[in-house]
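Trainee: predicted model, plus sequence, below.
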Amino acid sequence: MARPEKLSILIPVYNERYTLSELVARVVAAELPEGCEREIVLVDDCSKDGTREVLGRIAEQYGQLVKVVHHEVNQGKGAAVRTAIQHATGTLCLIQDADLEYDPNDYRRLLQPILDGDADVVYGSRFLVRDKVRVLFFWHRLGNKMLTLFSNMANDLTLTDMETCYKVVRTEILKSIPIRCNRFGIEPEITAKLAKRQCRIYEVPINYHGRTYQEGKKITWKDGVKALATIIWFRLIDDIYDEKHAHAILHALSNAPHFNRWMADTVRPYVGTNVLEIGAGMGNLSAQFLPREHYTATDIDPMHLAFLENRFATRPNVDVAKVDLARPEDFAPHAGQYDTVICLNVLEHVEEEMAGLRNILSALKPGGRAVILVPRNPKLFGSLDEVLGHHRRYLDEELADKCRQAGFEVETTFTFNRVSIPAWFINGRILRRTYFSKFQVKMLEMTVWLARLLERVLPWPGLSLIAIARKPPTAPDTTTEREAT
C-alpha cells in the first residue's frame, strides 16, 4: 500500500433490528490491509421496528469507532447513503447494507485495486463468483442482468453487476458527486456519474448470501422500473458535480474534442518536444499535444490531479505534478528544464500575474518559448468569468508589455475564437449564466468547422488572446533575482 488509508464504511439502515448487531460485529472484525483504519457511519432511515434502540447499544459498545445519524422521516436508501457520505472522514468510502447478504470478509479484495493504484472505484460483483453464492430468484437475477445491460449500454461500460451494494469509491470523488435519488435508484445514478467522470472502475468477485422477502428483502419490481428510468435520465443529464463551477465547465468542454483540437492546432507550431503545461485541468488539451519526448501536466486542484494521473497512467513520457503558477517554490524543481511552457487560461486566475510570468520564465531553457493564452477584452467580463475565478481580461498590448516586463522577448500576439464572442457576451453579461448547457457545447462542437472558416473573415478580434514569448538566450537567473529582492 502506497500510503495509509482510512476507510469509511457507510451503512444505511431501515428496520434491521435482527441483523444489525451481527452485521456491525462482522464489519468491526473484518480484516483490512495493513495500516488501513476504519470508521463506521450508520444512518437510521426512521426505522419503526426498534432499530433505533439497537443503534444506541451499538454506539455505546463501539464508542468513537461508530457514528450514528438518524433521519426523522423515512426517505430511502439513497438519502441515507447521501447523509452517510456527508459524515465520512476517511479517504475511501465503502457502502455496506445492514443485512447479512454481503460479507465484510471481502473488504480486502474490494480495497486492493485502489490501494494498488489501479482504480478509483471498485464494484463487488455477485456474478463473478469467488467462493459461493446462494441460489435464489430467477426473475430477480434476470432483472439485475437486464438493468446492468442497459446501464452498460448507456454508460459504455462492461460491468457484470451494476446493482451491487458493494461499491468502494475515493471519498474526494464521492463527496463531489450530487446524489439525487432517494431510494434504490442510487445504484444506476452513481454508476452513470462515475462513468461520466471517467473514473477507473474495477470489478472483483464477492461472496453473496441473498435473502428472501420473508427474510426481509425490500427491493421490488417497481424499483426495477424506476431504475430503468434513472438510467435513461442520467444518460441525458450531466449532473455530475455538486455545484455549477469550473469542474463542471471543464467537463462540458471535454465533450468538445473538435474545439480542443482547434485550440491545440492554433498553438501547435510553437510547441516543442519537452513541455511543461500549467493548469492542465482534465487534460483535454494535453492529450492533443502528445506524444512528446517529455510532457509534464500540472494543476493545483486535487480532483484534477487525480484525474490527470488516471488519464495518463500508461504514458511513460508523461508525469503529473502539483504546480501553482503563483508559487516560485513549486517551480524550483522544474527550473531551466523545458523548451516550451504552455499556459492556457491560467494567468487570469493569479492575483500576482507578474510573479506568474517570472515563474514561467524560470522553467524555460535559454531560448525556450512560452505559449500564453488569456481571455481578451475587459468589456466582456461577466458571470462566466466570475465562476471560473478570473481576476481580469486582457487588452492586446497589455499582455505583451507584461511579458516584456517579466523578461521575455515577445515574438507575436494574436487573437483566437472570434465566433464565440456573441455567445459569451449574451451568456455572461446579459443572462448572467454560470455554466454552459449541454446543448450549447453540442452546437459549438458541431460548428467548429464553420468557426475555423469564419476565424479568417469576421471583422472583430477573438474571445482569447495568445502571446508567444521567448526566454532570451542569455536571460538572467530569475530565481536568484527574486531571492535578492
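Mentor: Ah, there it is. Residues are numbered from 1 along each chain as shown.
Trainee: can you give me the strands for the stretch 201-350 of the chain?
Mentor: In the stretch 201-350 of the chain, the segments counted as strands under DSSP state E, counting those that start in this stretch are 201-205, 274-278, 294-299, 318-322, 338-344.
Trainee: who's in contact with the longest one?
Mentor: What that stands for is strand 338-344. With contact meaning CB atoms under 8 Å, 6 or more residues apart in numbering, strand 338-344 is reached by 263, 267, 270-279, 285, 289, 296, 325, 356, 360, 363-365, 367-373. Any C-beta I mention is one placed from the backbone N, CA and C, and that applies to glycine too.
Trainee: indicate which one of the strands of the stretch 201-350 of the chain is closest to residue 13.
Mentor: Evaluated over these, closeness to residue 13 peaks at strand 201-205, with 25.1 Å, by CB to CB.
Trainee: pretty sure residue 9 sits against residue 40.
Mentor: Yes. Using CB atoms under 8 Å, residue 9 makes contact with residue 40 at a distance of 4.9 Å.
Trainee: between the two, which one's more packed in?
Mentor: A count of neighbours by other CB atoms under 10 Å puts residue 9 above the other of residue 9 and residue 40, at 25 against 21.
Trainee: looks to me like that one is in a helix.
Mentor: No. Residue 9 sits outside any helix when classified using DSSP: H, G, I helix; E, B strand; the rest coil, being strand.
Trainee: and the contacts of strand 338-344, which are buried?
Mentor: Among those, the ones that count as buried by 16 or more other CB atoms under 10 Å are 263, 267, 270-272, 274-279, 285, 289, 296, 325, 356, 360, 363-365, 368-373.
Trainee: low-confidence regions, the chain specifically.
Mentor: Residue ranges of the chain with pLDDT under 70: 1-4, 129-137, 139-140, 210-221, 242-255, 436-438, 475-485.
Trainee: okay, and the common contacts of residue 9 and residue 40?
Mentor: Residues touching both residue 9 and residue 40 (CB under 8 Å, 6+ apart) are residue 27.
Trainee: report how many residues lie close to residue 226.
Mentor: Residue 226 has 16 nearby residues by other CB under 10 Å.
Trainee: what about it, distance to residue 395?
Mentor: 55 Å (CB to CB, to the nearest Å).
Trainee: and residue 358, by the same measure?
Mentor: From residue 358 to residue 395 the distance is 21 Å (CB to CB).
Trainee: these two: who's more crowded?
Mentor: residue 358 (20 against 14).
Trainee: quick one: that one from residue 472, how far?
Mentor: For residue 358, the distance to residue 472 (CB to CB) stands at 13 Å.
Trainee: what sits in contact with each of these two?
Mentor: Counting by CB under 8 Å, 6+ apart, the residues touching both residue 358 and residue 472 are residue 407.
Trainee: touching, residue 294 and residue 277? I think so.
Mentor: No. With contacts defined as CB under 8 Å, residue 294 does not count as touching residue 277, sitting 11.5 Å away.
Trainee: what about the helices in the stretch 251-400 of the chain?
Mentor: 257-267, 286-289, 302-311, 328-331, 353-363, 383-387, 396-405 (DSSP state H, counting those that start in this stretch).
Trainee: and the third one, what does it pack onto?
Mentor: Okay, so that is helix 302-311. Secondary-structure packing of helix 302-311 (3 or more CB pairs under 8 Å, 6 or more residues apart in numbering; DSSP states H and E): helix 171-175, helix 246-254, strand 294-299, strand 318-322.
Trainee: over to the fifth one?
Mentor: Packing contacts for helix 353-363, counted by 3+ CB pairs under 8 Å, 6+ apart, involve helix 328-331, strand 338-344, strand 364-375, helix 396-405, helix 478-484.
Trainee: outside of the fourth one, which residues touch it?
Mentor: Translated: helix 396-405. Contacts of helix 396-405 from elsewhere in the structure, counted by CB under 8 Å, 6+ apart, are 353-354, 357, 370, 372, 374, 376, 410, 413, 415, 461, 465, 467, 469.
Trainee: to residue 62, which of the strands of the stretch 201-350 of the chain lies closest?
Mentor: strand 201-205 (27.2 Å).
Trainee: what strands line up against that closest one, and which way round?
Mentor: Strand 201-205 pairs in its sheet with strand 121-125 (parallel), by DSSP bridges.
Trainee: re earlier: minimum distance to residue 431: which of the helices of the stretch 251-400 of the chain has it?
Mentor: Closest approach to residue 431 among these is made by helix 383-387 (8.0 Å; CB to CB).
Trainee: that closest one - contacts with which helices or strands?
Mentor: Under the contact definition 3+ CB pairs under 8 Å, 6+ apart, helix 383-387 sits against helix 246-254.
Trainee: redo that, cut-off 10 Å
Mentor: Contacts defined by 3 or more CB pairs under 10 Å, 6 or more residues apart in numbering; DSSP states H and E place helix 383-387 against helix 246-254, helix 421-425.
Trainee: host element of residue 81?
Mentor: helix 77-87 (DSSP states H and E).
Trainee: isn't residue 96 right up against residue 27?
Mentor: Yes. Using CB atoms under 10 Å, residue 96 is in contact with residue 27, at 6.4 Å.
Trainee: what is in contact with these two at once?
Mentor: Counting by CB atoms under 10 Å, 6 or more residues apart in numbering, the shared contacts of residue 96 and residue 27 are 9, 11, 40, 42, 104, 107.
Trainee: name the residues of the one helix or strand the third one maps to that come out as buried.
Mentor: Assigning secondary structure by DSSP H and E places residue 40 in strand 37-44. If you call a residue buried by 16+ other CB under 10 Å, then strand 37-44 has these buried ones: 38-44.
Trainee: next, format those residues as JSON lines and append distance to residue 57.
Mentor: Below are the buried residues of strand 37-44 laid out as JSON lines (distance: CB to CB, whole Å):
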{"residue": "38", "distance to residue 57": "20"}
{"residue": "39", "distance to residue 57": "18"}
{"residue": "40", "distance to residue 57": "14"}
{"residue": "41", "distance to residue 57": "17"}
{"residue": "42", "distance to residue 57": "12"}
{"residue": "43", "distance to residue 57": "17"}
{"residue": "44", "distance to residue 57": "13"}
